[in-house]
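In: sequence first, predicted coordinates after that:
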Amino acid sequence: MSAGHRVARVHLKEKNTAQDASGRQPSSSSSATAQLASAKVVLGNNLRRFPDFPIPGINFVDIMPLFANPEAHATLLNALELQITQTFVNTKPDVIVGLDARGFLFGPGLALRLGVPFAAVRKQGKLPGPCVTAEYVKEYGKDFFQMQEDAIREGQKVLVVDDIIATGGSAKAASDLITQLKGHVMGYLFILEIPGLNGRDKLGAAPTTILLQDE
């Protein structure tokens, strides 16, 4: 074997070692942190705000522009995946549970990226078949949530996702439903938080993560 061939093989080996099974360069912890920080800036710049919606006194942050822009949509899913990796080291959920209705916008895509099932929490009367039910109180009213009885298997680790945490009532109701189905709530992940409503206080010891904490 010539010296030139030996050098070529060494270079090829080094290149292959530097790639993961998908052919992408593996990201270090510091690189992932930088990617997440950059993504948060992009996402924050795509939000819109509407005062006194849906009722006076509620300052509504609109996440819909994140889905109107394909690049922002992809950035959101990537940021959520990175956030989960940082929050839950060496583990991942068995199921992603999304709340009616804006949790449905990104929950299925996130579940697909993680390679896990998605399960829906819907308002009462929207799901067919046997369901479990829990009441929840939101910042401007009261309602009931339901899940289908076969949505979660006993012992599965569940991550609850929604766009915004306000009073925490809807997320707490989702937790109650998951508990009724004998699942384990491993944590909560929200895009935004309405400050001053102390919604996290209702959610117990499971980690509660806000993607865009400062928006």
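Out: Happy to help now that I have it.

In: switch to C-alpha atoms for all contacts and neighbour counts from now on
Out: OK.

In: any idea which element Leu112 lies in?
Out: helix 103-114 (DSSP states H and E).

In: next SSE downstream of that helix?
Out: Downstream of helix 103-114, the first helix or strand assigned by DSSP H and E is strand 118-123.

In: so where do the helices sit in this structure?
Out: Remark: helices assigned in the chain by DSSP state H are 3-17, 29-44, 65-68, 70-87, 103-114, 169-180.

In: surely Leu197 and Ile58 touch.
Out: No. Assessed by C-alpha atoms under 8 Å, Leu197 is found out of contact with Ile58, at 11.5 Å.

In: show me where pLDDT drops low in this structure?
Out: Residue ranges of the chain with pLDDT under 70: 1-28, 138-140, 214-215.

In: can we see that at 50?
Out: For the chain, applying pLDDT under 50 flags the ranges 2-26.

In: can you pull the buried residues of the helix holding Leu112?
Out: Judged by neighbour count (16 or more other C-alpha atoms under 10 Å), helix 103-114 contains these buried residues: Gly103, Phe104, Leu105, Phe106, Gly107, Pro108, Gly109, Leu110, Ala111, Leu114.

In: who's in contact with it?
Out: 77, 80-81, 92, 95-98, 117-118, 120, 161-163 (C-alpha atoms under 8 Å, 6 or more residues apart in numbering).

In: deepest-packed of the helices of the chain, please.
Out: Among the helices of the chain, ranked by average contacts under mean count of other C-alpha atoms under 10 Å, first place goes to helix 169-180 (a mean of 23).

In: could you check the angle strand 118-123 makes with it?
Out: With axes from the mean of the first three to the mean of the last three C-alpha atoms, to 10 degrees as the basis, helix 169-180 and strand 118-123 are set at 120 degrees to each other.

In: and helix 169-180, how far out from the chain middle?
Out: With C-alpha atoms, centre = their mean, to the nearest Å as the basis, helix 169-180 stands 16 Å off its chain's centre.

In: got it, and stretch 115-130?
Out: Distance of stretch 115-130 from its chain centroid, counting by C-alpha atoms, centre = their mean, is 17 Å.

In: contacts for it next, please.
Out: For stretch 115-130, the surrounding residues in contact (C-alpha under 8 Å, 6+ apart) are 93-101, 104, 107-108, 111, 133, 143-149, 151-152, 174.

In: write the PyMOL selection for whichever of those residues are buried.
Out: A single PyMOL command selects the buried members of the contacts of stretch 115-130 (16+ other C-alpha under 10 Å):
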select buried, resi 93+94+95+96+97+98+99+100+104+107+108+111+133+145+146+147+148+149+151+152+174
